[in-house]
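In: Give the three-dimensional model of this entry:
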Amino acid sequence: MRPLRTLRRERLLSLAGLATAAGVTEKTIGEIERGNTVPRLGTMRRITDALQVTPRDVAEFAAALGDDGAGDLAIGGTDGTDGTDPR
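Out: Numbers count the residues shown, from 1 in each chain. Model prediction:
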């Protein structure tokens, strides 16, 4: 999800800085930024809180850039669910 990388860099945050602020690992941020994984709702909320944006802001930014992964971002699960963890 390249838009996440762009938002992070616009805020002058390093990968480590965003990971620390969001309470996730650098690996997680890197995997999300490269589009190798779609974050769970809770993870995306922690990341967007750290960036001081909403998940919708990220999705709209991604859509404006033409990123095909925009619809998968924390708005809902990729399996048609609402993105919540049933556990």
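In: all contacts plus neighbour counts: C-alpha atoms, from now on.
Out: Noted.
In: so where is the protein shaky, pLDDT-wise?
Out: Where the chain drops to pLDDT under 70, the residues are 1-2, 65-87.
In: let's see it at 90
Out: Where the chain drops to pLDDT under 90, the residues are 1-4, 6, 35, 37-41, 44, 54-87.
In: got the buried residues for whatever helix or strand Ile47 lives in?
Out: With elements taken from DSSP states H and E, the one containing Ile47 is helix 41-51. If you call a residue buried by 16 or more other C-alpha atoms under 10 Å, then helix 41-51 has these buried ones: Leu41, Thr43, Met44, Arg45, Arg46, Ile47, Thr48, Ala50, Leu51.
In: next SSE after that helix?
Out: Toward the C-terminal end, the helix or strand that comes next after helix 41-51 (DSSP H and E) is helix 55-65.
In: how far does that next one sit from the chain's center?
Out: Taking C-alpha atoms, centre = their mean, to the nearest Å, one finds the center of helix 55-65 at 10 Å from the center of the full chain.
In: orientation of the helix holding Ile47 relative to helix 55-65 in degrees?
Out: On the basis of axes from the mean of the first three to the mean of the last three C-alpha atoms, to 10 degrees, helix 41-51 is oriented at 80 degrees to helix 55-65.
In: helices and strands around helix 41-51, which ones?
Out: Based on contacts counted as 3 or more C-alpha pairs under 8 Å, 6 or more residues apart in numbering; DSSP states H and E, the elements that helix 41-51 packs against are helix 15-22, helix 55-65.
In: Give the buried residues for the longest one.
Out: This points to helix 55-65. Using 16+ other C-alpha under 10 Å as the burial criterion, the residues of helix 55-65 that qualify are Pro55, Val58, Ala59, Glu60, Phe61, Ala62.
In: and of those, the nearest to Leu13?
Out: Nearest to Leu13 among those is Val58, at 16.0 Å by C-alpha to C-alpha.
In: Distance check, the residue nearest the centre of the chain against Glu60.
Out: Compute the mean C-alpha point of the chain, and by C-alpha atoms, centre = their mean the closest residue is Met44, 4.8 Å away. Here the criterion is C-alpha to C-alpha, to the nearest Å. By it, Met44 lies 14 Å from Glu60.
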